[in-house]
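1. Sharing a sequence plus its predicted fold:
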Amino acid sequence: MHLTPSRSLSGVSLATNEASGGGSEKQNKRGKKSKKKATGDSKPNFTLKDYDNICCYIEEEENYDCLFALDISGCHCAQRFSKYKNKYLTARLWVNNTGAGLTETDLGMTMEQKLESMCPFYNCTDKVFGKKTNVEELDERDSTKSMEVMSEGDGKSDIETSSNSDSSLSAYELQQRVAKPNLGSPSEANVEDIPASITLVSDTRSSIDKNHGVTDSKSQSGVAKGRRKELKDINDKKERDMENFHMKLFENFITMQQGKWMAEESILKEKSEREFKLEKEKFERQLRIDAEQKEKDKVKNEREYNLEREKFERQLHIDAEEKDRRECEFELEKERMECQFQLEKEQFDREALMKEKETCLGIEHELILSGKSSDETAAIMKAL
């Protein structure tokens with residue numbers, strides 16, 4: 001993960017002091033300041049949105065388990081990151097080197113498959129890490145002081161310069177600018193198109209010509225090549241250091257995130273325990289309330305049962321009294337009807353007897369009228 005501080009580029013002011021004959025010193029004009037504008041950075045810095053995307057991804061429990069598993073320690077996690085980092089760096093250096101391609105042993109494979117075999121999910125990792133800048137600005141130093149110190153024993157100059165504008169250029173661009181200078185006379189050459197380090201070498205060599213004579217062109221070319229190689233080595237070292245720094249930064253970020261998750265997990269655990277305790281107390285309190293309510297309901301039910309029982313018994317007593325009353329009324333009605341029947345029977349008997357007497361008197365009267373004697377009449381009446 002490449003997180004590079006912002007770079008501030010400034011030009012280097014070059015000046016040479018030359019000694020003239022007869023002990024008199026004349027100060028030369030200072031060279032023009034060559035300011036190089038940094039080319040557009042095609043590798044953007046790591047933004048907060050990128051961090052947010054990573055955090056949002058690993059906050060998901062499923063994604064976190066896929067990355068770290070459930071039984072992995074921090075040491076094992078760091079080892080896995082280091083191993084995967086080495087695989088990615090190896091694959092990236094291989095694909096960026098000149099001549100990278102498929103060999104006879106890679107028949108039937110594409111470049112993507114080759115990269116996948118060297119580093120699993122290389123394209124996904126390269127989208128995260130490959131487009132991040134890995135250039136760090138060099139230190140600024142005053143180059144005019146080193147120009148004044150010249151070695152008189154062997155005729156060589158000890159030059160120490162460092163330019164932010166040169167460090168921002170790659171070794172390939174520097175080589176192209178040296179190999180393809182502007183055509184035409186020296187007066188027509190554009191000074192802005194020449195790197196500051198080459199301008200510095202030219203100014204230094206011109207001062208050596210005035211002080212010590214003719215300068216060898218091969219030595220100048222060797223100095224330029226040595227400077228280019230030195231810049232390339234510095235840039236490569238800075239790139240590797242920055243890669244390691246960013247990977248360590250990402251590992252530290254993951255470790256901090258793990259600590260944060262563990263703290264959140266402990267907080268959630270305490271919260272869940274506290275909620276469980278509260279729920280338990282609430283449940284026990286509800287049980288006590290239910291028991292009290294059950295006891296109250298039991299007492300209430302018993303009281304209602306007793307009231308209903310008393311009411312039922314009272315109703316039974318009333319029904320029994322009503323039954324007795326009806327039985328008494330029935331007996332009285334029965335006796336009354338029997339008395340009435342007896343009276344009616346006696347009356348009927350009297351009426352029948354009276355009718356019988358009247359009939360007998362009528363027959364006797366008819367017998368008397370018919371001239372029967374009293375003895376015959378008595379015998380007939382007796383026979384009837």
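-> Structure's in. What do you need? Numbers count the residues shown, from 1 in each chain.
2. count of neighbours near Y57?
-> Applying other C-beta atoms under 10 Å, we find 11 residues neighbouring Y57. All C-beta atoms are positioned from the backbone trio N, CA, C, and that covers glycine.
3. I'd like to know how far E59 sits from E338.
-> As judged by C-beta to C-beta, to the nearest Å, E59 and E338 stand 107 Å apart.
4. Below-threshold pLDDT in the stretch 101-250 of the chain: ranges please.
-> Low-confidence regions of the stretch 101-250 of the chain, defined here as pLDDT under 70, cover residues 130-222.
5. what about the strands in the protein?
-> Per DSSP state E, the chain carries strands over the ranges 17-19, 25-27.
6. where does the stretch 251-384 of the chain dip in pLDDT?
-> In the stretch 251-384 of the chain, residues with pLDDT under 70: 372, 384.
7. how about the helices of it, start to end?
-> Assigned by DSSP state H, counting those that start in this stretch, the helices in the stretch 251-384 of the chain fall at 374-383.
8. re earlier: between the strands of the chain, which has the poorest mean confidence score?
-> Lowest mean pLDDT of the strands of the chain: strand 17-19, a mean of 39.
9. Quick one: neighbours of K355, just the number.
-> Neighbour tally, K355, other C-beta under 10 Å: 10.
10. Relative to L361, how far out is it?
-> K355 is 11 Å from L361, by C-beta to C-beta.
11. now swap in K345 and tell me
-> Where L361 is concerned, K345 sits at a distance of 24 Å (C-beta to C-beta).
12. cool, G108 as well?
-> As judged by C-beta to C-beta, G108 and L361 stand 160 Å apart.
13. Compare the two (neighbour count), which wins?
-> Neighbour totals were compared for G108 and L361, and L361 leads with 11 against 6 (other C-beta under 10 Å).
14. any idea how far the more buried one lies from Q315?
-> 67 Å.
15. just W94 next, same as before
-> With C-beta to C-beta as the criterion, W94 and Q315 are 107 Å apart.
16. Please apply the same query to F341.
-> 38 Å.
17. now swap in L278 and tell me
-> With C-beta to C-beta as the criterion, L278 and Q315 are 53 Å apart.
18. Same question for N97.
-> N97 is 111 Å from Q315, by C-beta to C-beta.
19. List the buried residues for stretch 84-98?
-> K85, Y88, L89, A91, R92, V95 (16 or more other C-beta atoms under 10 Å).
20. And those residues, which is closest to L268?
-> K85 (31.9 Å; C-beta to C-beta).
21. That closest one touches K248, doesn't it?
-> No - K85 lies out of contact with K248 (C-beta atoms under 8 Å); the separation is 9.3 Å.
22. got JSON lines for the buried residues of stretch 84-98, with distance to N301 and pLDDT too?
-> Compiled in JSON lines, those are given as follows (distance: C-beta to C-beta, whole Å; pLDDT from 0 to 100):
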{"residue": "K85", "distance to N301": "77", "pLDDT": "88"}
{"residue": "Y88", "distance to N301": "79", "pLDDT": "88"}
{"residue": "L89", "distance to N301": "83", "pLDDT": "88"}
{"residue": "A91", "distance to N301": "83", "pLDDT": "88"}
{"residue": "R92", "distance to N301": "84", "pLDDT": "86"}
{"residue": "V95", "distance to N301": "87", "pLDDT": "83"}
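23. want to throw those residues into TSV with distance to Q286?
-> TSV is the format used below for those (distance: C-beta to C-beta, whole Å):
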residue	distance to Q286
K85	57
Y88	59
L89	63
A91	64
R92	64
V95	68
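24. From these, which land in helices?
-> K85, Y88, L89, A91, R92, V95 (DSSP state H).
25. which one among those residues gets closest to H76?
-> Checking these against H76 with C-beta to C-beta, the nearest one is K85 at 14.7 Å.
26. how near is that closest one to H246?
-> Applying C-beta to C-beta to K85 and H246 gives a distance of 10 Å.
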